[in-house]
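[1] sequence-free structure coming up:
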C-alpha cells in the first residue's frame, strides 16, 4: 500500500515537472520571438568585400531585427545566395561561342527572396581532351 502511494507521488512530481518545463519553453519563445508573422527580409549583406559573414535585416510593422548570415566566397552567381536551384546536366559545347550552357529551375527561395523561376548559366568549354580513366588498359591485340 505504501509502495503504491510512493509511486503515485513520484508520478505526480514527474508530471508537474514536465508541465513546468513545457511552460518555460513557451515563455522563452514569446520573449525571443515576436507576435508579428509577416516578416520581410532583405538580402544578406557581407561585413566586408562581397562574401563571408554578414547580416540581413528584417522588418515587420514597427519591429526590425538583424540575423547573422554568410555568403560563400565561391558564390559569385548573379542570382544570389538566397535562391536555390536544381540544375540539369551541362549541354554540349557550342563551336560558335566556345561555351556550354545549362538551366536551373527554382527549388527554394530563402527569406522571401525575389528569385527568377529559371536561370541559365554558361562556362567555357574545356580545351583538354579527357583521357581514359585510371585502371583501364587498352584492349590487347592478338
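    Yep, it's here. It should be emphasised that the depicted structure is a prediction, and the values quoted were computed from it without experimental measurement.
[2] C-alpha from now on. contacts and neighbour counts both.
    OK.
[3] What segments of this protein are strands?
    40-41, 45-46, 52-60, 63-71, 83-87, 99-109, 118-124 (DSSP state E).
[4] For residue 124, list the residues it contacts.
    With C-alpha atoms under 8 Å, 6 or more residues apart in numbering as the criterion, the residues that contact residue 124 are 98, 99, 100.
[5] which stretch among the strands of the chain comes nearest residue 13?
    Evaluated over these, closeness to residue 13 peaks at strand 63-71, with 39.6 Å, by C-alpha to C-alpha.
[6] where does this structure dip in pLDDT?
    Regions of the chain meeting the criterion pLDDT under 70 cover residues 1, 3, 5-12, 14-34, 75-77, 128-142.
[7] before we move on, the earlier item: now, of the contacts of residue 124, which are buried?
    Neighbour-count burial within the contacts of residue 124 applies to 99, 100; the criterion is 16 or more other C-alpha atoms under 10 Å.
[8] I am finished for the moment; much appreciated.
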